[in-house]
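1. Fold the following and give me the result.
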Amino acid sequence: MDLNVVILAAGKGTRMKSRLPKVLQPLAKKPMLAHVLETSFRLDAHKVIVVYGHGGDAVQAEIERYFPDAPIEWVEQSEQLGTGHAVKQALNHLQTNTRTLILYGDVPLISEATLNRFLNEVQPGECGVITVKLPDPTGYGRIVRDHAGVVREIVEEKDAGKEIRKIDEVNTGIMLADSIDLQQWLPTIENTNAQGEYYLTDLVRISNEHEVPVIGCRVKDPIEVEGVNDKRQLAKLERLLQKQLADKLLLQGATLVDPARIDIRGSVDIGQDCFIDINTVFEGKNCLGDNVRIGPNCVIENSVIGSDTIIKANSVLENAVIGEACDIGPYARLRPGTKLGNQAKIGNFVETKNIQMGDGSKANHLTYLGDSEIGEQVNIGAGTITCNYDGANKHKTVIGDNAFIGSNSSLVAPVNIGQGATIGAGSTISKDARDNALTVTRAKQITVDGWQRPQKQPK
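-> Numbering: from 1, shown residues only. Just a heads-up that it's a prediction; the model follows:
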C-alpha cells in the first residue's frame with residue numbers, strides 16, 4: 001500500500017524568541033524541517049505534504065532552496081487549533097487506498113530505521129503510534145494500554161488524573177493510519193478538553209470504538225522523538241546530533257582528537273587513517289582521501305582533499321579540490337574554484353580564488369592568487385599579488401611551468417608569464433614575460449646624502 005507523509009510545520013515557536021519560523025531554526029546548519037523531509041524522502045513516500053502556518057512564504061522559499069525539485073505539497077493551516085485540526089487540512093490531498101504517516105517539523109532526529117520498523121509493525125487496517133518511556137513524563141500525553149498491550153487511550157497531562165499521571169510511557173505524536181480512516185474520523189474529533197484544541201490523539205479512542213487495533217511502537221532512543229520548543233532544546237539536540245555524526249566517523253576509522261569538538265554540517269566521506277584535530281568544522285559535502293591530516297580550527301566546505309594531504313591549523317577551504325600529498329596552511333584561505341595538483345603547497349596567509357595550480361608548485365606565504373592558471377613546479381614568492389580585477393571585470397593570469405616569481409611582485413592581468421621565466425623581486429608586470437628570461441621592473445635606486453628626517457616642533 002502506498003504511503004503518504006504529512007509533516008506538521010505550522011507552529012510559530014514563540015519560545016524561540018526569533019523572527020525565524022520555528023521549523024527553519026537550524027540544526028547542523030540545516031532547517032529542522034529539512035531534516036524531517038530528508039528522512040521522509042528516504043521512505044519512498046508516494047506523497048509528502050507539509051502543513052504550514054506562521055511564516056509560510058519564508059518556510060516554502062527556504063525549503064525549496066534545499067529541495068528545488070522535490071514533489072512537496074504545501075497545505076496552509078491558517079488557524080492553529082491543534083494537531084487534529086492540522087492533519088485535517090491535508091485530508092483532501094490523501095488518496096483513500098494509502099496509509100498516512102504523521103511527522104513533525106520540530107522533531108528532527110527521528111530516524112529512517114525507526115520509521116521503517118514502525119511501518120512494518122503496523123499493518124494496513126491498523127492504527128499506530130510511536131511511544132517512548134521517560135524518567136520524568138511530566139507534560140506529555142500518557143499511553144494507556146490494556147492487558148494485551150493494545151493502546152486504548154492517550155490522555156493529555158492536563159486531562160489526566162493522579163493514576164494516569166504515574167504512567168511513564170508517553171505519546172510522541174508520530175502516528176500511522178489508513179488514509180480512509182483519517183478522512184472519516186478526523187471530522188468527528190471535538191475540542192472538549194482543557195486546551196480547547198482538536199487532538200490528533202483522539203484517533204486512538206475512535207480507532208478502538210471502530211475495533212481497529214492501535215499498535216504502540218516504542219522507540220529505543222528518546223533523542224529521536226525529542227521536540228524543540230526553545231533555543232536550549234535546540235542546542236541540546238545540536239550536541240547530540242554532532243555526537244552521532246562523530247561516532248559515525250569514528251566507526252569508519254577516523255581518528256578524532258576530541259569527538260566532542262568537531263562539527264559536521266553536511267556530510268564527510270573519508271578514506272583510511274584520517275586524522276582530524278579539534279574544532280574542525282565540515283560544511284556541505286566533503287570527501288577526504290586516505291591519510292589526510294587536518295589541524296585544529298579548520299573550516300572545510302564542499303571540498304575534495306586528496307590522500308596524504310596535510311591541512312594545517314586555522315585554514316579555510318571552500319569549494320576547493322586538492323590533489324594528493326599537498327601541504328596547506330597554517331592560516332591559508334582557499335576560496336571557490338581552487339584546484340591544486342599533487343604535492344602543491346599553499347602556505348601561511350595565502351589566499352587563492354578560482355585558480356588551477358599544477359603539480360609541485362608552491363606559494364609559501366603572504367600571497368593572493370586569483371583567476372590564475374599556474375603550471376607545474378612554479379615558485380611564487382612572498383607578497384606576490386595577481387591583480388585580477390580592474391574595478392569592472394576579472395582578468396586571467398597564466399604562469400608557465402618552472403617559472404619563478406620573486407617576492408613582492410604584482411602581476412597585472414591579463415598577463416602571461418612564460419615557462420621557466422623569472423620575475424625579479426619587487427616587479428610590477430603588466431606585459432607578457434618571455435620564456436626562460438629574467439623580467440624585472442624597478443625604479444632606479446638612489447641615495448641622498450645628508451638627508452634629515454622631519455622633526456616634530458616643540459610645543
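2. what residues are up against Lys88?
-> 186-187, 189, 198 (CB atoms under 8 Å, 6 or more residues apart in numbering). Backbone N, C-alpha and C define where each C-beta goes, glycine included.
3. ChimeraX command for the buried members of those residues?
-> This is how ChimeraX selects the buried members of the contacts of Lys88, with burial counted by 16 or more other CB atoms under 10 Å:
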select :186,189,198
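4. of all the contacts of Lys88, which two lie farthest apart?
-> Pro187 and Tyr198 (10.0 Å; CB to CB).
5. Would you confirm that Asp258 contacts Pro296?
-> No - Asp258 is beyond contact range of Pro296, at 9.8 Å (criterion: CB atoms under 8 Å).
6. More neighbours: which of these two?
-> Pro296 (16 against 12; other CB atoms under 10 Å).
7. Surely the more buried one touches Phe275?
-> No - counting by CB under 8 Å, Pro296 stays clear of Phe275, with 11.2 Å between them.
8. Okay, helices next: where are they in the protein?
-> Using DSSP state H, the helices assigned to the chain run over residues 32-42, 56-66, 83-88, 112-121, 162-165, 179-185, 202-209, 231-251.
9. Please work out which of those is packed deepest.
-> Highest mean neighbour count among those (mean count of other CB atoms under 10 Å): helix 83-88, with a mean of 23.
10. would you put the C-alpha positions of it in PDB?
-> Provided in PDB are the C-alpha atoms of helix 83-88 (Å, rounded to 0.1, in the frame of the first residue of the first chain):
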ATOM      1  CA  THR A  83      -2.800  18.700  15.800                       C
ATOM      2  CA  GLY A  84      -6.000  17.100  14.700                       C
ATOM      3  CA  HIS A  85      -7.100  20.300  13.000                       C
ATOM      4  CA  ALA A  86      -3.600  20.500  11.300                       C
ATOM      5  CA  VAL A  87      -3.900  17.000   9.800                       C
ATOM      6  CA  LYS A  88      -7.500  17.800   8.800                       C
END
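11. mind checking pLDDT for Gln445?
-> Note on Gln445: pLDDT of 88.
12. OK, contacts around it?
-> Gln445 touches nothing, counting by CB under 8 Å, 6+ apart.
13. what sits against Gly253?
-> Contacts of Gly253 by CB under 8 Å, 6+ apart are 270, 272-274.
14. and if you look at Asp247?
-> Pro259.
15. Distance of it relative to Arg265?
-> Separation of Asp247 from Arg265 (CB to CB, to the nearest Å): 16 Å.
16. now Cys217
-> 31 Å.
17. same check, this time on Ala437
-> Counting by CB to CB, the gap from Ala437 to Arg265 is 49 Å.
18. Those two: which is more packed in?
-> Using other CB under 10 Å as the criterion, Ala437 and Arg265 rank with Arg265 on top: 18 against 10.
19. shouldn't the more buried one be in contact with Ala34?
-> No - using CB under 8 Å, Arg265 is not in contact with Ala34; the gap is 11.8 Å.
20. that older thread, show the buried residues in the contacts of Gly253.
-> If you count burial by 16+ other CB under 10 Å, the buried members of these come out as 270, 274.
21. What is the most widely separated pair among the contacts of Gly253?
-> Ile270 and Asp273 (9.2 Å).
22. picking that back up, any chance of a markdown table for the helices of the chain, columns distance to Ala332?
-> Formatted as a markdown table, the helices of the chain follow (distance: least, CB to CB, whole Å):
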| stretch | distance to Ala332 |
| --- | --- |
| helix 32-42 | 31 |
| helix 56-66 | 30 |
| helix 83-88 | 50 |
| helix 112-121 | 38 |
| helix 162-165 | 59 |
| helix 179-185 | 56 |
| helix 202-209 | 58 |
| helix 231-251 | 23 |
